[in-house]
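A.B. asks: here is a sequence together with a model predicted from it:
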Amino acid sequence: MRIRQFRILTSLAAVAFALVLLVGCEPPLPPIKPSSLVIRPWEELFGVAIKPGSSDCYVVGSAGLLLTSHDGGRTWSRRRLNEDRPGGQMHQDIDLYSINFAPDGKSGWIVGELGLIMHTSDGGDTWVVQHSPAKVQLLSVAAVTPTEVSVVGDHGTLLWSNDGGANWTMQQMNNLTFYAVAFADPQNGWAVGEFQTILHSGDGGKTWKVQRGGEVADFTVPPYFVVVPQGANTVTVAGQSGVIATSKDGGKTWQDGKLPTERSIYGASVASASSDTGSVWMAGAEGTIFEGVPGGEWRTKDPTFQDLTAVSSSQHLGLAIGLGGTIMRTANGDHWDLITESK
């Protein structure tokens, strides 16, 4: 998933901007100018978040990389993280895999290698290291509320806190790797991972119940890499080679399917910015982005050659990130504009 693909050879053209004068309509995104940020060839991007209620955007990646934008992803700057270890600044061998903010837009978490957990209580202005009971790769974090948070990762690791990360409860399930965790509401959440494993929590991540998989199986069984809840009853999972499954009853039953191509999916999000109600964005191998309503037809776009690792959406903005320092931006999913790439 982290093997570099082809370099992007095209440059970005500006998009015309016109005010929409119709009452009740929002103006389109401002014209896009390529960011002056230089991404180094060895830097990869793994996690992205749009802070609720704002135009602030955050990206995390390899070697302690944190990028921030305060104009809806048009321009980006680097942030320096400090961690509670000798040397002060983030050691350059620690990759950051996931970032997520609570609905209040103030509390947020970053997770990564060696069990690293970092927390903000001021909307991302400052980040502090929290004690982690796990020393494995932590691959995904879901900030359920300002005080409740769930984290998943290697070796069956499931972490949960209900006091803002001051203390953590750890479970381990059958040495499986869990790649993603997401919540539909403060109670209902799902985690997915190896051997098409799907877990469900009905208590905010405190406890988990297996809905599918849960055991080491035939290694030809592809893993699920992403999960997208669209309410307490509707949830979609996807993963390697374009496998996909959708449930309309909270995970009691699943309808298996395939995406239009057998490209693996590494990132997914409810497509809040799309004009099609109920749509989901899925991004993955070879720069492919799929958009569609789960259970229906999927539209395919290929805006880049680089593997895309994560995607996020707010009401009027979508971001997709990936290898080679790729950051892409859209107003509605119809067209994705390249903002950065490695140089």
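C.D. replies: Structure received.
A.B. asks: phi and psi next, for residue 195.
C.D. replies: phi 50, psi 40 (degrees, to the nearest 10).
A.B. asks: grab the nearest non-local neighbour of it.
C.D. replies: residue 217 (4.4 Å; C-beta to C-beta, 6 or more residues apart in numbering). (C-beta placed from N, C-alpha, C; glycine too.)
A.B. asks: helix, strand or coil for the one you found?
C.D. replies: coil (DSSP: H, G, I helix; E, B strand; the rest coil).
A.B. asks: so it sits right up against residue 197, yeah?
C.D. replies: No - here residue 217 does not reach residue 197: they are 9.1 Å apart, not a contact under C-beta atoms under 8 Å.
A.B. asks: compare those two and say which is more crowded by neighbours.
C.D. replies: Comparing residue 217 with residue 197 by other C-beta atoms under 10 Å, the one with more neighbours is residue 197, at 27 against 12.
A.B. asks: report the beta-bridge partners for the more buried one.
C.D. replies: residue 193 (DSSP bridges).
A.B. asks: that one: what's it in contact with?
C.D. replies: 176, 178, 210, 212-214, 223-224 (C-beta atoms under 8 Å, 6 or more residues apart in numbering).
A.B. asks: from residue 120, how far off is the residue nearest to residue 195?
C.D. replies: 39 Å (C-beta to C-beta, to the nearest Å).
A.B. asks: over to residue 264?
C.D. replies: For residue 264 relative to residue 120 (C-beta to C-beta), the value is 31 Å.
A.B. asks: same check on residue 234?
C.D. replies: 30 Å.
A.B. asks: cool, and residue 299?
C.D. replies: The value you get for residue 299 to residue 120, if C-beta to C-beta is used, is 36 Å.
A.B. asks: how close does the residue nearest in space to the middle of the chain get to residue 167?
C.D. replies: Central residue of the chain (C-alpha atoms, centre = their mean): residue 310, 4.5 Å from the mean position. Applying C-beta to C-beta, the value for residue 310 to residue 167 is 28 Å.
A.B. asks: try residue 220
C.D. replies: 40 Å.
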